[in-house]
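Enquirer: Need the 3D shape of this:
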Amino acid sequence: MLILLTGGSACGKSSYGEKLAVLGPKPLYYIAAMQPYDDECLKKIARHRELRKDKGFLTIEQYTGVDTLELPETGGTALLECLCNLTANEMYIQPDDPTDPVEKVVAGVKNLQRQTDTLIVITNDVGSDNESYSDETRQYIRALGAINARVAQMADRVYELVAGIPLCLKGGQA
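Expert: This is a model prediction of the structure:
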């Protein structure tokens, strides 16, 4: 089962994703893609670690290359947090990699999906704010939008979270 959680920033995607994950088959994996590059990131990472510390997750920090990641055991449930960071990392940490970042991130989701019974993927809604951005930011938004659309097509269930409330967009009840 592939579940995609989307929504705006700080709308409850992570806590809902963790809630779903702990109900799924074991073992539980938390694939963390946020590379800690400043104090704000470190604080967010610490908060997320605290929120999940007693939930039984094995955390795997994987900033790039999810397409080649091998989990310690197959089966179980994985929570990939999140496509936004993974996409940025693939685009900007390894800018000389000739692989299309859209294809690489989608391949990463497929790789995790093959290894788990349940995969929960978190992303942000992008591109709907009609703001003016730099060319580099627009390129990132286009890439993440394409990834989101591809993963949503692959997903068994898609939920948009609004103020912590999951709204089912595809595949059943929340």
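
Enquirer: Please tell me I have it right and Arg150 contacts Val102.
Expert: Yes. Using C-beta atoms under 8 Å, Arg150 is in contact with Val102, at 7.4 Å. Where C-beta positions appear, they are placed from N, C-alpha and C, glycine not excepted.

Enquirer: Buried residues, the least confident helix or strand in the chain by mean pLDDT. List them.
Expert: For the chain, using mean pLDDT, DSSP states H and E, the weakest element among its helices and strands is helix 39-52, scoring a mean of 80. Neighbour-count burial for helix 39-52 flags Ile45, His48, Arg52 (criterion: 16 or more other C-beta atoms under 10 Å).

Enquirer: quick one: which of Arg150 and Val102 has more around it?
Expert: Taking other C-beta atoms under 10 Å, Arg150 and Val102 do not tie; Val102 has more neighbours (19 against 16).

Enquirer: if I look at the more buried one, how far off is Arg142?
Expert: 9 Å (C-beta to C-beta, to the nearest Å).

Enquirer: repeat for Ile122
Expert: In terms of C-beta to C-beta, Ile122 sits 20 Å off from Arg142.

Enquirer: cool, Tyr37 as well?
Expert: 23 Å.

Enquirer: more neighbours, these two?
Expert: In this view Tyr37 and Arg142 are compared by other C-beta under 10 Å, and Arg142 has more residues nearby, 13 against 10.

Enquirer: Could you list which residues are in contact with the more buried one?
Expert: Residues near Arg142 by C-beta atoms under 8 Å, 6 or more residues apart in numbering: Gly127.

Enquirer: Just the element for it, please.
Expert: Using DSSP states H and E, Arg142 sits in helix 135-154.

Enquirer: Buried residues, that helix. List them.
Expert: For helix 135-154, by 16+ other C-beta under 10 Å, it's Tyr140, Ile141, Ala143, Leu144, Gly145, Ala146, Ile147, Asn148, Arg150, Val151, Ala152, Met154.

Enquirer: Likewise for stretch 82-97?
Expert: By 16+ other C-beta under 10 Å, the buried positions in stretch 82-97 come out as Cys82, Leu83, Cys84, Asn85, Leu86, Thr87, Ala88, Asn89, Glu90, Met91.
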